[in-house]
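**Q** Mind looking at a prediction? Sequence and model below.
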Amino acid sequence: MHPVLKLLTQRIALSLILLLMISVLIFAGTMILPGDVAQSILGQSATPEALENLRAELGLNDPPVTRYFQWFFGALQGDLGTALTSGQDITSAIGSRLSNTLFLAFWAALIAVPLAIFLGLLSVRYKDRWPDKLISGVTLASISIPEFLIGYVLMYLVAVKLRWFPSVAMINDSMNLWQKLNSIALPVAVLTLVVLAHMMRMTRAAILNVMQSAYIETAELKGLSTFKVIWRHAFPNSIAPIVNVVMLNLAYLVVGVVVIEVVFVYPGMGQYLVDHVSKRDVPVVQACGLIFAAVYIGLNMVADIVSILSNPRLRHPK
Amino acid sequence: MNDYLKHLAQEAALGRMGRREFLGRAAALGVTALGANTLLASAAKAAGPQAGGTLRVGLQGGSTTDSMDPALATNQVALSVIRLWGEPLVELAEDGGLDGMVAESFEASADAKTWTFKIRSGITFSNGKAVTAEDVVATMERHSGEDTKSGALGIMRSITKVSADGDNVVFELDSPNADLPYLLTDYHLVIQPNGGKDDPAAAIGTGAYVMKAVDMGVRFVAEKNPNYWGDLGNAETIEYVVINDNTARVAALQAGQVDMIDRVPPRTAKLVDRAPNITVHSTAGPGHYVFIAHCDTDPFANNDVRMALKYGINREELVDKILNGFGSVGNDSPINASYPLFTAAEQRTYDPDKAKFHMKKSGYDGSILLRTSDNSFPGAPDAAALFQQSLAAAGIELEIKREPNDGYWSEVWNKQPFCTSYWGGRPTQDQMFTTAYLSTADWNDTRFNNEQFDQMLIAARGELDNAKRTQMYADMSDMVRNEGGLICPMFNDFVDATSDKVDGWVDGVKGHALMNAYAPLKMWVKA
C-alpha cells in the first residue's frame, strides 16, 4: 500500500474511533447533569401530578445503557429521536438550524479566510514597517475585544445610527439570497473580525519561518520580486500550519458562535442547543453534541490530510 | 392659537410630525408638557385606529422548546401568540372588570356555586366550524383531570362538573366562588375546536388573527382573520420576533426593525425614552420580587425572626436601585393596589432598631443563609447584597449563597428555607392566596399554615357582598403581612416601549405586560 494511502486510512479510522468515544462521553455527560427533565420543561409552574405524568410519558425510567444503544444505533441510521419538549423530529428540526449555521459560517469564512491570508502575506512583505504594524494592531485589537461587544458597537453604529443593515439577522425561507445576505451582514462582519487575527498571525509567522531558509535566499538572488518569492516559494511550504489554523477557525464558526447568534437573533444551532440545554431536553443536546463533535473532528481530519498531502517527502517516498 | 395647536396635534397624531417636535412647538406657544401630551393623546384617539399595515413586535422569553399547545404555555411569547389566534370565555377589561369573549354573558346562582355562561351566537373557529357549547366543555375537560399537563390545572380543581345546555355552558363548583369568571380569563383556557383534543397545537381558535408562519422561539407571523366577530385587531399582519437579549431588543426598536418591545431593562429605560422616536410605558402590576422564608423551618419558624427580617429591609432603596424607580414599595403582602378589592395597610418601613429588638426577642443569634440566583428576579444577587447591608446595620448577619440559574426552580425554590424569588401576580386576591398561601397549595412557598386564614379564604369566595369581601381580604392580607414568611420589598412595573410608527397605547391596563398582551391587537400602524 502506498504510504500516503496508509496514513490517510489511519487518520480516518482514528477520527471514527474518536467520534465513537465522544458519543459515549456525550451520553454519559448528559446523564449526570443535575435536575430533572420534567421539572425543567414545566418550570416554576409545575405541580407534582403534572410532573409525574410527564416523567412517565417521557420514558425517563429506563436504564441508561439501554437508552445509549437505542440512541446510538438510531443516530447511525440518521434518526436522532424526538425532542422531549416539543415532540418534534430532531433530525428535521436540526436540519434547518444546521443549514442556517452553515450559511453564516460559509459567508464569514468566504470573506475571512482569503482576507486573513492576504493580510498575512502583506505583513510579511512589509515586515516591521507600518503596514505590518497596522494590520497586526487592528486584528489583535479586534480579537481581544469580546465578540458581543463588537456586535453591540457595530449594531449601534451601523444599524441604529446609519441604518445600513438590520440589527436583527432574522432569515427565513421566503427571503431571496440578496435579502438573506443583507440580513446577515452584521454577524458576518463581527465573525470576520473575530477570526481574522488568529489566521493572519499564523500565516505571517509560518511564512516568516520559511523565509529564513536557504532556498528563499536563492530565489531572491535569482532576482524575483519579494511578493513572488513569498507567493511561489514560501507560501506552499507553510501550508500545513496555515491550514491547521484555518480549519480550527472554521470549526469555531460552526460550533462556537452562540453569543453572536443571541446578539443578532440568528436562528442557528447555538441558540437551538442552549434552549434545549436549559430545558434538559437530553436527546437534542446529545444530537447537537454529536454533530458539533463530528464537525470538529471532520475539519481537523481535513487539516491533517492536507498537511500530509502538502508534504512532498510523504507524497514521494524513496 | 387654539386652532393652530389643534392642527399641530392632529398632524402629530397622524404621524406627520414627531412627538418631540410637537411638544417643542406647543411649548413655544406656552402650553405645558403635560397639557400638550393630553392634547396629543386626545388627538390620537380622534384620529382613531387605522386598519392595515404590518405591526412588528420584539418579545423576550421565547424558546425553541416552546409548544403551540396553549396548555403548555409558560412565557410572555407563548401568551402573546395565544392572544392572536385564540380567546378565553371572558377576558379582563382594561379597567380590571370583565369583557365577554367566546361567552356573550354569564351569571351566577345565588350561592355562587353554579355559573352559567352563554356562548356568543354565530361565531366560528378559523377553520370555519361554528363554536358550540360542547367545544367549551371539551376545552375545560382537556385542562382538568389528573393526567393533564396544563398550567391551568390548579384552577380547574375546584370545578366539579362542566356541562353543555343548549347555548349555555354550566360550571358546577365544589364550593362557592364569586371569582370564577376571573379564573376563566387564564390564558391557557382558550376555546379550541373539540377542546383541542384532536390537535392541541393546531392554533385554531376564535381569535382576531390566523397564524401564517410559526418558528418556535424565533418568529411568528399572523394575518387578520376576515371572519372575526369582534373589533379587535387593526394591523393586517402582525409579526412577533423573539429577541431574548436586552440590548438587541432595544436596538431593534431603535433601528426601526420592530415597532414595540416588552421588558425594557429598568437600568436603561430612561435613556431609551430619550430617543426621539420612542416612548417608554411603565405599567404598575401585581408582579412582585420577594424573599421567601419557610414558616415551618428553624430559625424562620420563630415569627420574631421573620419580623426582624421584615423590619431589616430597606424597601425604598431596593425600588431605587434594583428597579431604578420602575416599581413601588411592597408591604410584605402579595396584594397591592392593582387588585380589585384592595385596602391599603400601614406601610412598613426600614427600622434597624425594631429589627434588632425582634431578633433579640427571638433568642436566635446565628447568621441567616439566603440563597439567590440571577434568574430568581432581575438583579436578585444585588438585592440580596443590599439586604445584607441593611440587616448588618441592625446587627444581623446575612450569609448569601449564590445558586446556579440552572435548576433553581427545581432545587432551590419551594425546597430551601430562605431564597429569592418572584411572583407574576394573579387577577384576584382569591387566586393569589389560593395559589401560594392556602396551607394545602402546591406552591405554598412560604409554608404558611394558618387555619383561620384558610377558613376565611373559603368563606370569602362565597361572599357576594363586596364590602364584606373587601374587609375579609384586608384582614387576610394583614395576616400574611404580620405572620407570613413573605418579605416583599417591591412590586415591579411592566416596562414596555413603542416607536412613533404605532399609536393607540392605553396606560394602566391590568394583567400582563404590553397591555395584557393585547397591545399588538389594540394598537395600530400609523398611515
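**A** Received the coordinates, thanks. Residues are numbered from 1 along each chain as shown, chains lettered A, B, ... in the order given.
**Q** hang on, residue B:62 packs against residue B:74?
**A** No. Under the criterion of Cβ atoms under 8 Å, residue B:62 makes no contact with residue B:74, lying 10.4 Å away. Yep, even glycine has a C-beta here, placed from its N, CA and C like the rest.
**Q** which one of these two has more residues nearby?
**A** Shown here are residue B:62 and residue B:74; by other Cβ atoms under 10 Å in any protein chain shown, residue B:62 has more neighbours (24 against 19).
**Q** Please confirm that the more buried one is located within a strand.
**A** No. Residue B:62: not assigned to a strand; according to DSSP: H, G, I helix; E, B strand; the rest coil it is coil.
**Q** What residues does it make contact with?
**A** In this structure, residue B:62 makes contact with B:75-78, B:216-218, B:242, B:244, judged by Cβ atoms under 8 Å, 6 or more residues apart in numbering or on different chains.
**Q** Just those residues: which are in strands?
**A** Using DSSP state E, the members of the contacts of residue B:62 that fall within strands are residue B:242.
**Q** could you pick out which of the contacts of residue B:62 are near chain A?
**A** B:216-218, B:242, B:244 (Cβ under 8 Å from any Cβ of the partner chain).
**Q** Tell me the one among the residues you listed nearest to chain A.
**A** Nearest to chain A among those, counting by Cβ to the nearest Cβ, is residue B:218 at 4.6 Å.
**Q** What count of nearby residues applies to the residue nearest to the closest one when sequence neighbours are not counted?
**A** Of all residues not flanking residue B:218 in the chain, residue A:267 sits nearest, at 4.6 Å (Cβ to Cβ, 6 or more residues apart in numbering or on different chains). As a burial measure, residue A:267 scores 23 neighbours (other Cβ under 10 Å).
**Q** Am I right that residue A:267 sits in a strand?
**A** No. Counting by three-state DSSP, one finds residue A:267 to be coil, located in no strand.
**Q** wait, it sits on residue A:97?
**A** Yes. If you go by Cβ under 8 Å, residue A:267 and residue A:97 touch, sitting 6.6 Å apart.
**Q** measure stretch B:197-207 end to end?
**A** By Cα to Cα, to the nearest Å, the extent of stretch B:197-207 from end to end equals 18 Å.
**Q** Name the next helix or strand downstream of the helix or strand residue B:318 falls within, please.
**A** Element membership for residue B:318, per DSSP states H and E: helix B:315-321. Next along the chain after helix B:315-321, taking DSSP H and E as the criterion, comes strand B:327-329.
**Q** Quick one: list the elements packing against that next one.
**A** helix B:315-321, strand B:486-492 (3 or more Cβ pairs under 8 Å, 6 or more residues apart in numbering or on different chains; DSSP states H and E).
**Q** Is the closest residue to residue B:171 other than its chain neighbours part of a helix or strand, or is it coil?
**A** Nearest non-adjacent residue to residue B:171, counting by Cβ to Cβ, 6+ apart: residue B:115, 4.4 Å away. Under three-state DSSP, the three-state class of residue B:115 is strand.
**Q** Kindly confirm whether my reading is correct that residue B:115 touches residue B:107.
**A** Yes. The pair residue B:115 / residue B:107 is scored as a contact, 7.4 Å apart, by Cβ under 8 Å.
**Q** So these two - more neighbours on which side?
**A** Ranked by neighbour count (other Cβ under 10 Å), residue B:115 and residue B:107 place residue B:115 first, with 21 against 11.
**Q** List the contacts of that one.
**A** Applying Cβ under 8 Å, 6+ apart, the residues contacting residue B:115 are B:106-109, B:170-171, B:173, B:180-181.
**Q** Residue A:103 versus the residue nearest to residue B:171, what's the distance?
**A** 54 Å (Cβ to Cβ, to the nearest Å).
**Q** same check, this time on residue A:255
**A** For residue A:255, the distance to residue A:103 (Cβ to Cβ) stands at 15 Å.
**Q** Neighbour count for those two, which is higher?
**A** Between residue A:255 and residue A:103, counting by other Cβ under 10 Å, residue A:255 is the more crowded of the two (21 against 17).
**Q** residue boundaries of the strands in the stretch 1-150 of chain A?
**A** Using DSSP state E, counting those that start in this stretch, the stretch 1-150 of chain A contains no strands.
**Q** what ranges of it fall below the confidence cut-off?
**A** A:33-46, A:58-62 (pLDDT under 70).
**Q** give me that answer again for 90
**A** A:1-8, A:11, A:26-96, A:121, A:124-125, A:127-128, A:140, A:142-143, A:147 (pLDDT under 90).
**Q** And the helices in it?
**A** For the stretch 1-150 of chain A, applying DSSP state H, counting those that start in this stretch gives helices covering A:3-31, A:37-42, A:48-57, A:64-76, A:90-125, A:130-144, A:147-154.
**Q** Most tightly packed of those?
**A** helix A:37-42 (a mean of 21; mean count of other Cβ atoms under 10 Å in any protein chain shown).
**Q** Pull up the residues of the stretch 151-300 of chain A that are close to chain B.
**A** Counting by Cβ under 8 Å from any Cβ, the stretch 151-300 of chain A sits next to chain B at A:152, A:155-156, A:159-160, A:163, A:166-168, A:170, A:172, A:262-265, A:267, A:271-272, A:275-276, A:278-279, A:281.
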